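# 3D, please:
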Amino acid sequence: MNKIYINLLLVFLFLNGLAYYLSHINAQSRIDLALEQDVDSLETHYDILLASQEAAASAMYKYTLAMDGVLQILSKAQHASMQEQDILREELHTLLSTHYKIMREQSVSEYNFIFADNTVFYQAHRPLKFGNNLSKTREDIVYVNENKTPLRGFIQDETMHGFRNIFPLFNTNNEYLGVLEISFSSTRLQWYLNNVSNIHSHFIIHKDLFNIESLKKHNLLDTYVESGENENYFFTLNEGHTKEKCVAGNKIRLENIKDEITTKMLEEDSFSSYIKYRNLIIVVSFFPIEDISGETIAWIISYEISPSIKEALANRFSLRIISLFLSLLIIYFLYQQITSRTQIDKQRELLNDILDSTDNMMMITDFKDVKFSNKQFNALFNIQDINKFNKSTKHDILSLFIQKDGFLHKGLIDSNEEFISLVTKLPPEKRMVSIHDQNKEEKSFQIAISQLKNTHHSLVTFTDITMLKKELNKTEKKAYTDALTQVYNRNKFDLVFEEELEKLHKRKGTLSVALIDIDKFKTFNDTYGHLIGDEVLVTMAQTVAASVRDADVFARWGGEEFVILFKNVDAKTAAHISLKIKDLIEANEHPVAGKITASFGLSEYKEGDTAQSIFKRCDDALYVAKDNGRNRVEVL
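Residues are numbered from 1 along each chain as shown. Modelled structure (predicted):
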């Protein structure tokens with residue numbers, strides 16, 4: 001009898017160990033997914049803001065070049081005496097002061113003109129400070145003056161830090177004058193995340209980048225304090241971010257994950273973790289900011305309350321309590337089986353009821369047939385007879401998994417590989433399958449697999465993440481769709497275009513790009529008003545969207561300009577397609593504005609091309625089309 005008790009104890013320990021492991025895997029999968037989504041959300045908001053700043057800086061640069069007198073003043077200042085430069089500097093200040101006030105409203109912190117020898121000629125934010133040479137403190141200025149090409153990036157000097165845009169300056173005779181700097185303060189990024197995206201965030205910068213003596217000299221030392229997240233970083237204090245709340249408080253809250261934060265920050269890659277604070281679960285996400293040399297010198301850190309992780313932890317606790325109760329029942333069941341066979345059916349019913357009490361679907365399978373399934377699994381497929389169900393799948397349970405990108409299915413299995421091997425070699429957040437339920441609706445599930453001892457069967461647990469995936473897809477669509485025309489926006493196009501260029505840099509292939517501009521669009525707005533103008537944009541966008549292949553990318557570039565990326569298509573074929581699209585646009589008349597026409601500027605990828613070089617040719621081709629009478633397709 002003692003041997004029976006020992007065996008029952010071993011079974012009890014095994015079942016609880018298995019339940020503990022499965023509950024951990026299940027909860028950790030949901031936690032990892034939530035952590036990944038938080039850091040992805042932080043990165044998306046950062047990319048959107050950075051792209052908008054870069055676009056604004058480019059527009060301000062072009063506007064500055066177009067202003068009467070700016071290039072003339074800078075040209076004269078090149079060879080002027082100190083006294084003459086003072087006069088010219090005052091003229092430039094008078095010319096730009098109003099423009100700079102408007103730029104300040106767009107969060108521009110610095111608007112500077114620096115000569116080719118790296119000497120400051122004029123700073124809009126400090127017009128009385130000039131003549132200092134930046135050769136030893138601003139490698140970005142030195143780089144642009146040497147290479148005469150634009151440069152963007154996060155840069156720290158002796159006292160200031162921000163997202164800087166450096167542009168080369170040439171006069172009308174193509175003589176090099178120096179550089180124009182348009183910079184945005186990093187505090188603007190923190191403000192945007194807190195006030196626009198409703199993401200509480202911190203921006204921290206490595207201490208080694210600061211010159212303490214310079215901070216003292218400019219009375220800025222009290223502005224910075226040691227970060228609560230990492231003692232090697234500084235944090236900027238302001239009204240919404242106090243020392244008590246964001247430094248001392250965070251040091252206490254983050255104490256349990258301090259070592260994890262320190263280790264992962266050394267890896268210089270984005271990551272998330274979570275903390276328990278009072279009755280809340282808070283996700284802390286870290287996104288690295290690199291300087292122009294690729295070195296991580298700063299971090300954006302967000303703090304967000306996570307109901308999904310709190311729910312996953314609560315479910316894990318509940319599942320472990322249930323498993324404890326279940327294991328006790330199983331032991332009791334085995335004991336009753338030994339002592340009395342009459343209790344077998346009753347105990348089996350209790351076991352099934354407990355398994356059915358979980359929200360997750362569960363099945364035991366050899367990946368051919370289902371050997372056991374709980375109520376939730378049966379309900380999804382409306383299973384009345386498990387044998388008939390196995391017959392309907394042709395004894396191939398993997399056929400239930402839809403073959404689509406981002407999800408596991410049998411098409412991913414290599415020869416001589418088992419499905420369980422495919423699953424276990426992936427991280428938990430990648431272990432997802434897509435299944436059609438009895439109503440042919442597509443559902444998404446996170447799966448956990450545990451192979452049962454001394455058998456070829458596995459216990460598979462399915463956690464429904466359909467709504468979570470839909471919310472993620474909805475967020476991505478909103479970030480990459482133009483609000484008016486409902487086609488892709490410039491952010492999405494830039495993302496895909498850079499990916500395609502990277503592929504072409506690695507292997508042979510081709511692509512073509514067509515830049516489209518609606519002819520005389522200003523006339524539509526002036527004649528019929530902006531509402532009709534918007535309808536013209538929507539009509540044109542719908543016509544083109546319906547005419548391109550699924551593989552191609554059609555997006556609104558800005559204003560009345562659109563762009564098409566033809567993947568694996570040469571210029572000749574792309575021109576032929578563009579001509580058809582042009583004719584369709586012309587044929588699709590607007591009921592009020594009448595005939596709509598568009599001009600196309602098209603170019604094909606050439607070896608060594610960048611996004612800028614391709615779009616330069618497209619832009620030139622578009623001007624040729626305009627000059628040749630509009631409603632044309634021109635190729636360069």
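
# What's the local residue count around Gly249?
Under the neighbour criterion other C-beta atoms under 10 Å, Gly249 is assigned a count of 14. (C-beta placed from N, C-alpha, C; glycine too.)

# Can you get me a residue count around the residue lying closest to it once chain neighbours are set aside?
For Gly249, the nearest residue in space outside its immediate sequence neighbours is Gly228; the separation is 7.1 Å by C-beta to C-beta, 6 or more residues apart in numbering. Burial of Gly228 is recorded as 23 neighbouring residues (other C-beta under 10 Å).

# Where does Gly228 sit: helix, strand or coil?
Of the three states, Gly228 takes coil according to DSSP: H, G, I helix; E, B strand; the rest coil.

# My understanding was that Thr296 contacts Leu266; is that so?
No: contact criterion C-beta atoms under 8 Å: Thr296 and Leu266 do not qualify, at 9.5 Å.

# Give me the more crowded residue out of the two.
Using other C-beta under 10 Å, the more surrounded residue of Thr296 and Leu266 is Thr296, with 16 against 10.

# Kindly state the beta-bridge partners for the more buried one.
On the basis of DSSP bridges, Thr296 is bridged to Glu290.

# how close does it sit to Asn211?
Using C-beta to C-beta, to the nearest Å, one gets 20 Å for the distance from Thr296 to Asn211.

# what's near enough to touch Leu18?
Ser450 (C-beta atoms under 8 Å, 6 or more residues apart in numbering).

# Name the SS class of it, please.
Reducing the assignment at Leu18 to three states with three-state DSSP gives helix.

# Need phi/psi at Val536.
Backbone dihedrals for Val536, given as degrees, to the nearest 10, come out at phi -60, psi -40.

# So it versus Val563, what's the distance?
If you go by C-beta to C-beta, the gap between Val536 and Val563 works out to 17 Å.

# Then Lys76?
Relative to Val563, Lys76 is positioned 40 Å away (C-beta to C-beta).

# These two - which one has more neighbours?
Taking other C-beta under 10 Å, Lys76 and Val563 do not tie; Val563 has more neighbours (21 against 15).

# The more buried one bridge partners, please.
Assigned bridge partners for Val563, using DSSP bridges, are Leu515, Ala555.

# Per-residue confidence at it, what does it come out as?
Turning to Val563, the model gives it a pLDDT of 97.

# Check Phe462 too.
Residue-level confidence at Phe462 comes out at 89, pLDDT.

# circling back to that earlier point, who touches the residue nearest to Gly249 in this structure?
Shown here is Gly228, whose contacts under the criterion C-beta under 8 Å, 6+ apart are 235, 246-251, 254.

# Save the residues you listed as JSON lines, and put in secondary structure, distance to Glu54 and pLDDT too.
Formatted as JSON lines, the entries for those read as follows, by DSSP: H, G, I helix; E, B strand; the rest coil; distance: C-beta to C-beta, whole Å; pLDDT from 0 to 100:
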{"residue": "Phe235", "secondary structure": "strand", "distance to Glu54": "26", "pLDDT": "80"}
{"residue": "Cys246", "secondary structure": "helix", "distance to Glu54": "29", "pLDDT": "69"}
{"residue": "Val247", "secondary structure": "helix", "distance to Glu54": "32", "pLDDT": "74"}
{"residue": "Ala248", "secondary structure": "helix", "distance to Glu54": "36", "pLDDT": "73"}
{"residue": "Gly249", "secondary structure": "helix", "distance to Glu54": "35", "pLDDT": "75"}
{"residue": "Asn250", "secondary structure": "helix", "distance to Glu54": "31", "pLDDT": "80"}
{"residue": "Lys251", "secondary structure": "helix", "distance to Glu54": "35", "pLDDT": "83"}
{"residue": "Leu254", "secondary structure": "coil", "distance to Glu54": "33", "pLDDT": "88"}
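
# need these in a markdown table with distance to Asn173, can you?
Formatted as a markdown table, the entries for the contacts of Gly228 read as follows, by distance: C-beta to C-beta, whole Å:
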| residue | distance to Asn173 |
| --- | --- |
| Phe235 | 48 |
| Cys246 | 53 |
| Val247 | 54 |
| Ala248 | 59 |
| Gly249 | 59 |
| Asn250 | 56 |
| Lys251 | 59 |
| Leu254 | 58 |
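
# In this structure Arg617 contacts Ser603, no?
Yes: the criterion here is C-beta under 8 Å, and Arg617 meets it with Ser603 at 3.8 Å.

# neighbour count winner among the two?
Taking neighbours as other C-beta under 10 Å, Arg617 and Ser603 compare with Ser603 leading, 26 against 19.

# where's that one, which helix or strand?
Assigning secondary structure by DSSP states H and E places Ser603 in strand 598-604.

# What is that strand packed up against?
Counting by 3 or more C-beta pairs under 8 Å, 6 or more residues apart in numbering; DSSP states H and E, the packing neighbours recorded for strand 598-604 are strand 511-518, helix 571-587, helix 611-627, strand 633-635.

# Out of these, which gets nearest to Asn439?
Among the helices and strands packed on strand 598-604, the nearest to Asn439 by C-beta to C-beta is helix 571-587 (38.3 Å).

# before we move on, back to that, pLDDT at the residue nearest to Gly249, what is it?
84.

# just how off-centre is the strand holding Ser603 within its chain?
Mean C-alpha position of strand 598-604 versus that of the full chain (C-alpha atoms, centre = their mean, to the nearest Å) differs by 30 Å.

# Then stretch 124-136?
37 Å.

# Repeat that for stretch 538-548.
Using C-alpha atoms, centre = their mean, the mean C-alpha position of stretch 538-548 is found 27 Å from that of the whole chain.

# Please list the residues outside that stretch that contact it.
Defining contact as C-beta under 8 Å, 6+ apart, one finds that stretch 538-548 is touched by 482, 484-487, 516, 518, 554, 556, 562, 564, 577, 580-581, 584-585, 588, 590, 596, 598.

# ok, now stretch 40-56?
Contacts for stretch 40-56 (C-beta under 8 Å, 6+ apart): 106-108, 152, 163, 165, 184, 189, 192-193, 197, 199, 201, 270, 285, 287, 300, 302, 475-476, 479, 490-491, 494.

# how about the helices in the stretch 301-450 of the chain?
For the stretch 301-450 of the chain, applying DSSP state H, counting those that start in this stretch gives helices covering 307-339, 344-356, 375-381, 386-392, 419-424.

# Out of the ones you listed, indicate the one that is most buried.
helix 375-381 (a mean of 18; mean count of other C-beta atoms under 10 Å).

# pLDDT (mean, whole number) over it?
So the average pLDDT for helix 375-381 ends up being 88.

# CA atoms of that helix as CSV?
In CSV, the C-alpha atoms belonging to helix 375-381 read as follows (Å, rounded to 0.1, in the frame of the first residue of the first chain):
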residue,chain,number,x,y,z
LYS,A,375,-16.0,22.0,-24.4
GLN,A,376,-14.5,25.2,-25.8
PHE,A,377,-12.7,23.3,-28.6
ASN,A,378,-15.9,21.4,-29.4
ALA,A,379,-18.0,24.6,-29.5
LEU,A,380,-15.6,26.3,-32.0
PHE,A,381,-16.1,23.5,-34.6
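
# Packing partners of it?
For helix 375-381, the elements it packs on are helix 344-356, strand 361-365, judged by 3+ C-beta pairs under 8 Å, 6+ apart.
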